[in-house]
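In: Got a sequence here, can you build the structure:
(one chain, ligands or ions: 1)
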Amino acid sequence: VGEPLEFDFGGHCTRVLFHEQLELAAAAPAGSALFVFDRHTARLFGGAPPGRRLAPGRRAAPGAGPGPRPAPGSRVVLPPGERSKSWGGAEAVLRAALRLGLGRDATIVGVGGGMVCDLAAFGASLYMRGCRLLLVPTSLLAMVDAALGGKTAINLLGYKNAVGTFYPAEELHVWTGALRRLPQRELRSGLAEAIKTALLGDAELLALLRERREGILQRDPGLLEEVVRRCLAVKGRVVAEDFRESGRREILNLGHTFGHALEAATRLRSWTHGEAVAWGLLRAVELGLSLGLTPAAHAAAVRGLLADYGFRLEARPVRPERLLAAMQTDKKRRRGKIRLVLSRGIDDTVVETVDEEAILRCLREG
Ligand SMILES: NC(=O)c1ccc[n+]([C@@H]2O[C@H](COP(=O)([O-])OP(=O)(O)OC[C@H]3O[C@@H](n4cnc5c(N)ncnc54)[C@H](O)[C@@H]3O)[C@@H](O)[C@H]2O)c1
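Out: The predicted structure is shown next:
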């Protein structure tokens, strides 16, 4: 277990600490804390999670202010899945904090995958206009991506991440031992984001993913920690340059415009986010190839790595016209053209506006 990482995001410092073992109660700061879990992550740390359990739906007495005295720690346990990333989920967190009488100096601790991290961070950014936030990511996707960088969100009216704030955690506590019981599909979802991140700026990480695939898939904690550390270093560097996504941060969406379109066209049912991103990464390098931007060897290397990890890469999983229609509603569209993140090589990523005709051709031909 190596040195902590430290980042400055728009004047807010985030420290990432890596652990060989992790006791939640020890990770939380002295004083009052509210732990946020989903039902799966509440069981991960052995024994009872810290604090008294609070029923998420219970109402405070009408007109009641904050409770009389802070408790040493309490918890909210939400149903797993995107449906908890909602106003209802956020309200459950905020109500619990109020009922405990937590002040601004209290800490909300999100313990879970990207869903819990996004929601706990959203709640922390609102509670008393911003209380302390600590995240313990437990899925690989949250470790390599979601927990770092300060984007918080809830979903609204079926739109993913429609409402949110920028609010980086003070600390992330990473313990790759937590991944032991993560379902294999979720592990691979995280690996798709790790492959994306390697393409953005770390040739050694790409080599590690290629050469140590067996160990990574068998969840060797040391290898996973190396993957997480390297991903966080790349993402942290990009976010530190452009915290509020006015430019450079867009490159983190490599593979995502295609991926989101696939998720939308299949109504988020048959593909996980990571599977869709892996498929989108291949479409992005193939489109780059057809536009003369991406060298053939780079496109072939990306295809090979994604195939080795067993991702679905079929050319037309849904009708190309439906995918294009979904891409047309993407946030990054400008004046009839679609903005796409394309890869010319490792650490050579560009954002380009691309003709819809060229995209359609790529989707048809694969
Ligand atoms: N804020 C950001 O920058 C950012 C970036 C990427 C993704 N996200 C968000 O992250 C979310 C996806 O994250 P996710 O893939 O982690 O989904 P998730 O949080 O829904 O977790 C996936 C499943 O794995 C379970 N799980 C988590 N850790 C586990 C463990 N150690 N053992 C067993 N089960 C475990 C969860 O309970 C859940 O059932 C989406 O909401 C996405 O929008 C945010």
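
In: Surely Thr197 is in contact with Cys231?
Out: Yes. Between Thr197 and Cys231 there is a contact at 4.4 Å, judged by CB atoms under 8 Å. (Glycine included, C-beta is placed from N, CA and C.)

In: which neighbours do the two share?
Out: Shared contacts of Thr197 and Cys231, defined by CB atoms under 8 Å, 6 or more residues apart in numbering, comprise 144-145, 205.

In: Return the member of these nearest to Leu323.
Out: Asp145 (23.4 Å; CB to CB).

In: Name the SS class of that closest one, please.
Out: What DSSP: H, G, I helix; E, B strand; the rest coil gives for Asp145 is helix.

In: Flag every residue of this structure that's near the ligand.
Out: Counting by CB under 6 Å from any ligand atom, the positions of the chain adjacent to the ligand are 38, 40-41, 44, 80-82, 85, 112-116, 118, 138-139, 141-142, 145-146, 149, 151, 160-161, 178-179, 181-182, 186, 189, 273.

In: For ChimeraX, what selects the buried ones among those residues?
Out: In ChimeraX, a selection of the buried entries from the residues of the chain next to the ligand looks like this (16 or more other CB atoms under 10 Å):
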select :38,40,41,44,80,85,112,113,114,115,116,118,138,139,141,142,145,146,149,151,178,179,182,186,189,273
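
In: Narrow the residues of the chain next to the ligand to those in helices?
Out: Secondary structure defined by DSSP state H assigns 114-116, 118, 141, 186, 189, 273 of these to helices.

In: thinking again about what came up before, generate JSON lines for the shared contacts of Thr197 and Cys231, with pLDDT as supplementary columns.
Out: Shown next, in JSON lines, are the shared contacts of Thr197 and Cys231 (pLDDT from 0 to 100):
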{"residue": "Val144", "pLDDT": "98"}
{"residue": "Asp145", "pLDDT": "98"}
{"residue": "Leu205", "pLDDT": "98"}
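
In: Closest one to the ligand out of the residues you listed, please.
Out: Asp145 (4.5 Å; CB to the nearest ligand atom).

In: ok, that closest one - contacts?
Out: Going by CB under 8 Å, 6+ apart, the list of residues near Asp145 reads 114, 190, 193, 197, 231, 235.

In: Tell me the spacing between the spatially most central residue of the chain and Glu365.
Out: In the chain, the centroid-proximal residue (CA atoms, centre = their mean) is Ala146; its distance is 2.4 Å. Distance check for Ala146 against Glu365: by CB to CB, to the nearest Å, it reads 33 Å.

In: which stretches of the stretch 201-350 of the chain have low pLDDT?
Out: By pLDDT under 70, the low-scoring segments of the stretch 201-350 of the chain are 268, 330-336.

In: Quick one: the helices in it, in order.
Out: 203-211, 213-217, 221-241, 256-265, 273-290, 296-308, 320-328 (DSSP state H, counting those that start in this stretch).

In: Turn those into TSV, including distance to Ala92.
Out: Compiled in TSV, the helices of the stretch 201-350 of the chain are given as follows (distance: least, CB to CB, whole Å):
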stretch	distance to Ala92
helix 203-211	37
helix 213-217	35
helix 221-241	28
helix 256-265	26
helix 273-290	24
helix 296-308	38
helix 320-328	31
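
In: So which of those is nearest Glu20?
Out: Among the helices of the stretch 201-350 of the chain, helix 221-241 comes nearest to Glu20, with 8.2 Å by CB to CB.

In: Grab the CA positions of the closest one and hand them over as CSV.
Out: Output in CSV follows, covering the C-alpha atoms of helix 221-241 (Å, rounded to 0.1, in the frame of the first residue of the first chain):
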residue,chain,number,x,y,z
PRO,A,221,-5.5,-6.7,-4.6
GLY,A,222,-2.0,-5.4,-5.4
LEU,A,223,-2.7,-5.3,-9.2
LEU,A,224,-6.1,-3.7,-8.7
GLU,A,225,-4.6,-1.1,-6.4
GLU,A,226,-2.1,-0.3,-9.1
VAL,A,227,-4.9,0.0,-11.7
VAL,A,228,-6.9,2.3,-9.4
ARG,A,229,-3.9,4.5,-8.4
ARG,A,230,-3.0,5.0,-12.0
CYS,A,231,-6.5,5.8,-13.1
LEU,A,232,-7.0,8.3,-10.3
ALA,A,233,-3.7,10.0,-11.2
VAL,A,234,-4.8,10.4,-14.9
LYS,A,235,-8.4,11.5,-14.0
GLY,A,236,-7.2,13.8,-11.2
ARG,A,237,-4.7,15.5,-13.6
VAL,A,238,-7.5,16.2,-16.2
VAL,A,239,-10.0,17.4,-13.6
ALA,A,240,-7.4,19.7,-11.8
GLU,A,241,-6.9,21.4,-15.2
